[in-house]
Every structure is written in C-alpha cells, then in structure tokens.
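[1] 3D model of this:
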Amino acid sequence: MSSRGTTSDRRSFTIDYLPESLPRYGPEYAIVAIDVFRATTTVVTATSLGRRCLPVPAIEEAVERYAKMPDALLAGELGGTVPYGFHVDNSSVLLVGRADVERPLILLSTSGTRVLCGTQPGQTVYAAALRNVTAQVEQIARAEPRVAIIGAGARGEFRSEDALCCARIGRALIDRGYEPETAATEAVIEEWGDVDTDVIANGASADFLRNTGRDSDIYFTLHHVDDVKGYVVMQDGLLSFTPTGPVAVEEVS
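    Residues are numbered from 1 along each chain as shown. The predicted structure follows:
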C-alpha cells in the first residue's frame with residue numbers, strides 16, 4: 001500500500017469515537033477502526049485464520065449480501081442480540097476451531113461495522129484490536145502520514161476497552177515521531193496509555209457480556225493481546241489480512 005503525500009513531513013494522528021464522528025475526517029486520513037468487544041477482535045481473528053470478511057452496517061445489507069452469497073457465514077449482533085437466521089454471534093471464540101474457513105464471513109455489529117462501513121471514498125481503512133497493536137502501528141508508520149483512530153463507542157460513550165486500545169496505538173505512534181492533533185487525543189493517551197489490560201474486565205461492556213453468558217469473549221480478549229503479527233485492511237468492502245510475521249495457531253482454553 002502506497003503512502004499518501006503531504007505538504008510537509010509532519011505525521012500526525014487523532015483519537016475519536018462513535019461512528020457519527022467519521023465525517024470529521026476526510027480522505028487525507030487513514031481510518032483505524034477499533035471495537036475490542038467484539039467486532040474488530042472478531043475481524044482480526046477471522047481474517048488471520050484465512051477467512052474473508054465482509055462487514056455490513058445494517059441488517060438489511062446483511063440479508064442482501066447473504067442472498068447473493070448463500071455459502072457465507074452470517075455472523076453478528078444488534079444491541080447484543082443475534083438476529084434471527086444468523087449462524088453465529090459476533091464472537092472470536094465461536095470462529096476459532098471451525099473448519100469452514102473457505103466460507104466468507106458477513107459480519108454485522110451494533111457499532112464496529114458501522115465505523116468500518118461509514119468511511120469516505122478514497123480512504124484507507126484498517127480494522128485493529130488489542131490482538132495486533134504492534135503490527136498495526138508498524139503499518140501506519142510505513143504508509144500513513146495522517147491517521148484517525150476511531151473507537152466504536154455506543155450510546156454516546158467511549159468504552160474503556162476501545163479507549164485503552166486507541167491509547168496504546170497512539171502512544172506507540174508518538175514514539176515513532178507522530179504528533180497528536182488535539183488536546184482530547186493527548187488526554188486519552190494520558191488516561192489510558194499505561195493502563196493494564198485487565199481493567200477492561202471491569203467495564204460496562206464486560207459486564208454486559210457476563211450478564212448475557214458471553215464470558216468466554218472476555219477471557220479470549222484478555223488472553224490474546226498483541227499475539228497477531230499482521231494488519232487488516234479493507235478494499236472494495238472486503239477485509240483481508242496481511243501477515244508481518246509468523247501466524248499463530250489459535251487455541252481456546
């Protein structure tokens with residue numbers, strides 16, 4: 001992937017949240033979508049296993065795509081509920097160990113896939129999670145002079161797990177010479193950049209997962225941090241994985 005030219009050597013980034021924030025960032029920005037619990041963790045997991053992934057922003061589009069791709073695996077949730085007729089939840093745990101990696105994944109989520117699908121023509125769009133922070137930072141440093149890291153919040157909230165992941169990427173970019181563009185970006189890094197991963201197990205998203213019997217997704221996220229050596233980029237609506245090192249064999253305890 002080629003770099004986009006700028007009028008100076010300044011490299012910068014901003015951290016924001018909510019799908020509604022995307023119009024602030026034009027084609028000069030590469031977008032990094034973050035939805036740790038659970039969409040982008042699902043994307044990184046699925047694509048690193050060799051599965052094609054097509055994110056959709058709404059159930060109507062999921063149904064339309066599936067009608068054209070009846071061999072696909074229809075996965076996702078809206079408001080935490082798996083829609084009628086879907087094959088699996090929006091869950092990395094449920095994808096690991098499946099033998100049908102040749103089936104493309106049509107993925108719907110409440111917030112994460114809305115960020116992925118709400119970007120502008122001409123933008124480079126990445127899906128990242130705690131699983132591949134280092135690989136994502138390395139790719140940004142190679143190719144992207146200006147970046148917007150967008151946490152897929154919901155109900156007006158910047159969720160703790162997404163803030164932590166955004167801050168880790170931002171802190172690593174500063175170490176590579178990037179400048180934060182806003183005071184709000186600096187504040188996120190100050191608050192979350194050095195926080196231990198275990199803190200997200202006490203957040204509202206983790207509480208919701210526990211209360212709905214999805215404890216395994218919390219465990220999976222906490223025990224798969226920076227273990228994927230590669231990044232995920234979207235082209236023509238398809239998310240694909242580019243390895244930057246050996247691909248790990250997945251195991252679920």
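[2] tell me the secondary structure at Val32.
    Secondary structure, DSSP: H, G, I helix; E, B strand; the rest coil: Val32 is strand.
[3] what's it in contact with, if anything?
    Tyr126, Ala127, Ala128, Gln136, Ile140, Val147, Ala148, Ile149, Ile150, Ile169 (Cβ atoms under 8 Å, 6 or more residues apart in numbering). For the C-beta atoms, the positions are set from N, CA and C on the backbone; glycine is no exception.
[4] now the spatially closest residue to the fourth one that is not a sequence neighbour, what are its backbone angles?
    In other words, Gln136. Leaving out its chain neighbours, the residue that sits closest to Gln136 by Cβ to Cβ, 6 or more residues apart in numbering is Ala128, at 4.2 Å. Dihedral angles of Ala128 (phi, psi; degrees, to the nearest 10) stand at phi -130, psi 160.
[5] show me what contacts Ala128?
    Ala128 makes contact with Val32, Ala33, Ile34, Thr40, Val44, Gln136, Cys165, Ile169, Tyr231, Val232, according to Cβ under 8 Å, 6+ apart.
[6] and the residues you listed, which of them are buried?
    Buried residues within these, counting neighbours by 16 or more other Cβ atoms under 10 Å: Val32, Ala33, Ile34, Thr40, Val44, Gln136, Cys165, Ile169, Tyr231, Val232.
[7] picking up where we left off before, partner residues bridging the residue nearest to Gln136?
    Ile34 (DSSP bridges).
[8] how close does it get to Thr197?
    Here Ala128 is placed at a distance of 15 Å from Thr197 (Cβ to Cβ, to the nearest Å).
[9] burial count for Val133?
    20 (other Cβ atoms under 10 Å).
[10] helix or strand for it, just tell me which one.
    Per DSSP states H and E: Val133 is located in helix 133-143.
[11] after that helix comes which helix or strand?
    Next along the chain after helix 133-143, with elements defined by DSSP H and E, is strand 146-151.
[12] relative orientation of the very next helix or strand once past that following strand and helix 133-143 in degrees?
    Next in sequence after strand 146-151, counting helices and strands by DSSP H and E, comes helix 160-175. Orientation check (axes from the mean of the first three to the mean of the last three Cα atoms, to 10 degrees): helix 160-175 against helix 133-143 gives 40 degrees.
[13] can you spell out which helices and strands pack onto helix 160-175?
    The contact analysis (3 or more Cβ pairs under 8 Å, 6 or more residues apart in numbering; DSSP states H and E) places helix 160-175 against strand 12-17, strand 30-34, helix 133-143, strand 146-151, helix 183-192, helix 204-211.
[14] mind listing what's buried in it?
    By 16+ other Cβ under 10 Å, the buried positions in helix 160-175 come out as 160-173.
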